[in-house]
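Undergrad: quick one: sequence and predicted model below, then my questions.
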Amino acid sequence: MVQQAFYFDASRCSGCKTCEFACKDAYDLDAGTAYRKVYEYTGGQTLRTGDGFSTTCFSYAVSVACCHCGDPACVQVCPTEAMRKEADTGLVRVDVRHCVGCGYCHLACPYNAPKVDRAKGHSVKCDGCADRVAAGMKPVCVEACPARALDFGTAEEMERLGGRADLAPLPDPAATVPHLYVKPPADVRPAGSKDGCVANPLEVL
C-alpha cells in the first residue's frame with residue numbers, strides 16, 4: 001500500500017481559510033459542513049511593566065482535514081464497515097451504500113473529521129480528493145492555498161518536509177497515527193497543551 005498524506009507548513013499559514021472555502025465550493029457543502037477546518041490557537045497575556053509592557057502572547061493557525069490515520073478510530077467503531085481505509089492509497093473513505101448514519105465515526109474521531117449529513121442519510125468527510133489524486137492532481141485545498149502552506153503526496157515524501165502532527169489544539173498523534181505532517185510555527189505549543197485556546201470555536205465545531 002502507498003499511504004497518501006497531507007503536509008501543513010504552519011510557519012507559512014496566515015489563517016486566511018482559502019483552503020476551507022475552496023473545498024466547500026468544490027463539493028457544494030452547506031454552511032454547517034466543512035471537510036477542512038482552520039483552527040485559530042491563541043494564548044498568553046500582555047502586562048504593564050514600569051514604563052513599558054511585556055508579553056507572552058502567541059497565535060497561530062492550524063489547517064486540518066481528515067488525517068487518513070494509520071489507526072483510524074472511525075474505521076474501528078463503524079458497525080457496518082462503511083468507513084474503510086483504501087488498500088491502495090491508505091485514504092479513509094465512506095461507502096455510502098453501507099453507511100446508516102449512526103454517527104459513531106463522528107463521535108470517535110479526535111479530529112472531528114466525519115459528519116453525518118442528515119439530508120443524505122450517511123456520513124461525509126474529506127477523502128483526500130481521491131478522484132483528483134487518481135487523475136494525477138493535488139487536492140483542491142492544496143491547489144487553492146495562496147501561501148503554499150499545504151501539500152499532498154506519499155507519507156514518505158511528506159515526512160521529509162515535517163514531523164507527524166504534534167501541536168495544539170490537535171490531539172496526541174499516538175492515538176490514531178495521523179498521516180498529517182507539519183512544519184511548526186515559531187511559537188508552537190505541543191498537542192495537549194493548555195497554554196492557549198481555540199479562538200474560533202463556532203467555526204470548527
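TA: Good, I have the coordinates.
Undergrad: what's around residue 168, how many residues?
TA: Other residues within reach of residue 168 by the criterion other Cβ atoms under 10 Å amount to 21. Backbone N, C-alpha and C define where each C-beta goes, glycine included.
Undergrad: any idea how far it is from residue 43?
TA: When Cβ to Cβ, to the nearest Å is applied, the distance between residue 168 and residue 43 equals 9 Å.
Undergrad: who touches both of these two?
TA: In terms of Cβ atoms under 8 Å, 6 or more residues apart in numbering, residue 168 and residue 43 are both contacted by the residues 189, 195-196.
Undergrad: hey, where'd the helices end up in the protein?
TA: In the chain, the segments counted as helices under DSSP state H are 18-26, 73-77, 104-108, 130-134, 140-144, 155-159.
Undergrad: what does the last one contact?
TA: Which is helix 155-159. For helix 155-159, contacts defined as Cβ under 8 Å, 6+ apart pick out 3-7, 90, 151-152, 179, 181.
Undergrad: can you list the helices of the chain in TSV and add mean neighbour count?
TA: What follows is the helices of the chain, written out as TSV (neighbours: other Cβ atoms under 10 Å):
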stretch	mean neighbour count
helix 18-26	18
helix 73-77	19
helix 104-108	19
helix 130-134	14
helix 140-144	20
helix 155-159	16
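Undergrad: contacts only, for the closest residue to residue 19 other than its chain neighbours.
TA: In space, not counting the residues next to it along the chain, residue 19 is nearest to residue 141; the distance is 3.9 Å by Cβ to Cβ, 6 or more residues apart in numbering. With contacts defined as Cβ under 8 Å, 6+ apart, the neighbours of residue 141 are 19-20, 22-23, 36, 63, 65, 129, 150.
Undergrad: isn't residue 188 right up against residue 59?
TA: No: proximity of residue 188 to residue 59 does not meet the contact threshold set by Cβ atoms under 8 Å, at 11.4 Å.
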